[in-house]
Each structure stands twice: as structure tokens, then as C-alpha cells.
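Trainee: generate a structure from the sequence data that follows.
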Amino acid sequence: MTALSRKQWLIVLGALIIAFYIAFGVIERSLPDGTPGVIQYEFVGSEDRAAEMLAEWGDAGQDDIRLSLWIDYGFMLVYGAFFTLAGLATRDFARERGKQALASVGRWAPWCAVGAALFDAAENANLLLILGGHGGSVSPPLATACASVKFVLIAIAIVYVVWGLVARFRARSD
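Mentor: Here you go, the predicted model:
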């Protein structure tokens, strides 16, 4: 049995990302109508807002949010690996083609996906603490801070990969 190539890994991970999005969509639709979703919960901000959200969801909604957060740990591994591998492929392409700016940013941009997944893990730990009644006044703002950093880091990783895709398409047309 041979190891998967980077391209094959990207295909597998891309398919898994889609599968996770489907699962998250199903869970999100199961929440009570008019209540906050997981993204809103990621930016809970305060103990008072956390108490409001928990009350709005009720026990069943809290169970759905908890399930989503636990599933999200698998998603972190998948999106972190996907965007790291895609970023490394972009960096290698840039080096091979002499695209200095793209190659230079490639020294650090692919690793932003790893950082995003790590901040996502810390965010979820705090959100789970809140759901378990153990977050106090610290977990809500900490979860929000981690979510903010996560989204900035994953945006950088995504923009870098898109920049690389544009460069690849331009190279094909030259």
C-alpha cells in the first residue's frame, strides 16, 4: 500500500470539510427557531450573554451546541491540515516558479492554519466550560478572544491559498 500524495490528501481533506459542513448544518437547523447559532456563541463575550443564550436554547439546544463543539474538534484537524498542506503546496509552487513575494509569505502563512486550529480548540474548551456551568466570568471573553484570533489566522491561510491559485491560473495562461 502506498502513501497518499499531497494532492490526494487535499482531495480527502476537502471531502471531509464538506462532510463536516453538512453535519454542522444539520445540527444548526435543529436549534430552536430564533435562537443564536454556534457562530454567535463563539462571540458570546460575557457571562450575562452566556446565561441568556443557555436559557434561549434550553436543555435540548444546549445538547445540540455541545455536540457541535465536540464534532468541531475533528473539523479543526481537517481544516488545519487542509489549509496547511494547501499553503505548503502554494509555497513550493512559488519557489519553483520564482514568485518571490508568494514564496516569502509562504514561510509563515501555511502555519496560520495550525494556529487557527489551536485557537479554535481553546475557544471550544471555554465554550464547553460555559455549557457545563464552569466558565464563570473568564470563559466567555476568553472564548471570544480565541474565536477572533482563529478567524484572523484562518483568513490569512485562506487568502494565501487563493493567492496561490490565482498565480497558478496565471502561470497556465502565460
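Trainee: return the distance of the longest helix belonging to the chain from the chain's centre.
Mentor: The single longest helix within the chain, with elements called by DSSP state H, is helix 47-97. Centre-to-centre, helix 47-97 and its host chain are 4 Å apart (C-alpha atoms, centre = their mean, to the nearest Å).
Trainee: mind checking the SS state of residue 44?
Mentor: Three-state call for residue 44 (DSSP: H, G, I helix; E, B strand; the rest coil): coil.
Trainee: contacting residues around it?
Mentor: Contacts for residue 44 (C-beta atoms under 8 Å, 6 or more residues apart in numbering) come out as 50, 53, 127, 130, 140, 143, 144. C-beta: built from backbone N, CA, C; applies to glycine.
Trainee: residue 12: neighbour count?
Mentor: 14 (other C-beta atoms under 10 Å).
Trainee: next one: it, what pLDDT does it get?
Mentor: The score at residue 12 is 97. That number is its pLDDT.
Trainee: from memory it sits against residue 5, does it?
Mentor: No: assessed by C-beta atoms under 8 Å, residue 12 is found out of contact with residue 5, at 10.6 Å.
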